[in-house]
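Chemist: no sequence for this one, just the structure:
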């Protein structure tokens, strides 16, 4: 019996020793793996490396384009390489922390700003998409670090690029950047004014026109509110002076602006063809209401000004339209009264001329 007990005790000790030895081997193996496997590269490093690589490839492409020795396809091949990296970076910056990393690494200065005016549509489009995402994810920081002269380049693309997709990308960016941003608005007014927006209407489809009108409504409402508000503090007075410098309210009474808006309405006629799935009628009617105090005198001098407002009134009065218009947060009674004023005043002008 004593021998049996001693045998069992020996087996237990041996088992314990083996477990201890195996555990030590496993721990050492784990330690070896931890030291021999490289740490994963962080997002900051990936973004910084991508920015550096894109800078380098862009410099090579610019050199090839300047020298003009190799075929254009060779330069475009380098641009395509940048596009592939831009697609990856654009996905990464949809995460806010990565957007900050891109901005802190001066990605706008190094990648977007110097290349956005390169006349290669695929590259330009991806750069505009990246900039739009940055404004969507981190609008305040993007506005703080972006060169204000980027607006000049955006307006130039909007005005001169034949591709409607490029114009739409630019408007998507401005739609986020301009409202409640007098510094950016001043730049638009000094660089191009409102004329490019009027002039491009015939080249735009309905959703893009709707975006322009909605943007204009937002900014006009903003200016009216500031100009009509009371200045209780020094900051309020300074804000008022900035908005006066922009001068949008003063411009609203000029023939250039009023005729430009009238041309927009004509471009989007006839209203009977606008289906209820589109929201363009909302921004149009909102703008018609806002511009009335400023533009009626100018419109009275236009013999062809009546027709758009007459058609709009007919549209609003159609059976079944009230519910749709109210779904767009429009006061149908107010809109109807405003349109009736337009029609009455402009009809009176035509009669006077005869």
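Modeler: Sure, I can see it. Quick caveat: nothing in here was measured; it's all calculated off a predicted structure.
Chemist: Under the pLDDT cut-off, which ranges of this protein? List them.
Modeler: Low-confidence segments of the chain, defined by pLDDT under 70: 1-41, 269-278, 349-354.
Chemist: how's it carved up into domains?
Modeler: Domain ranges of the chain: 43-147, 252-354, per automatic domain parsing.
Chemist: Would you format the ones you listed as JSON lines with mean neighbour count and distance to residue 179 included?
Modeler: C-betas here are computed from N, CA, C, even on glycine. Below are the domains of the chain laid out as JSON lines (neighbours: other C-beta atoms under 10 Å; distance: least, C-beta to C-beta, whole Å):
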{"stretch": "domain 43-147", "mean neighbour count": "17", "distance to residue 179": "10"}
{"stretch": "domain 252-354", "mean neighbour count": "16", "distance to residue 179": "14"}
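Chemist: In JSON lines, list the ones you listed along with distance to residue 231.
Modeler: Converted to JSON lines, the domains of the chain look like this (distance: least, C-beta to C-beta, whole Å):
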{"stretch": "domain 43-147", "distance to residue 231": "25"}
{"stretch": "domain 252-354", "distance to residue 231": "21"}
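Chemist: Of those, which is nearest residue 211?
Modeler: domain 252-354 (8.5 Å; C-beta to C-beta).
Chemist: returning to what we had before: for residue 161, find the nearest of the domains of the chain.
Modeler: Taking C-beta to C-beta, domain 43-147 is the member of these nearest to residue 161, at 7.5 Å.
Chemist: and residue 210, how far is that from residue 135?
Modeler: To residue 135, residue 210 is 19 Å away according to C-beta to C-beta, to the nearest Å.
Chemist: Tell me the spatial nearest neighbour of the residue nearest the centre of the chain, not counting adjacent residues.
Modeler: Centroid check for the chain by C-alpha atoms, centre = their mean gives residue 173 as the closest residue, at 2.2 Å. In space, and not counting its chain neighbours, residue 173 is closest to residue 132: 5.2 Å by C-beta to C-beta, 6 or more residues apart in numbering.
Chemist: close enough to count as contact, the one you found and residue 174?
Modeler: No. In this structure residue 132 lies outside contact range of residue 174 using C-beta atoms under 8 Å: 10.0 Å.
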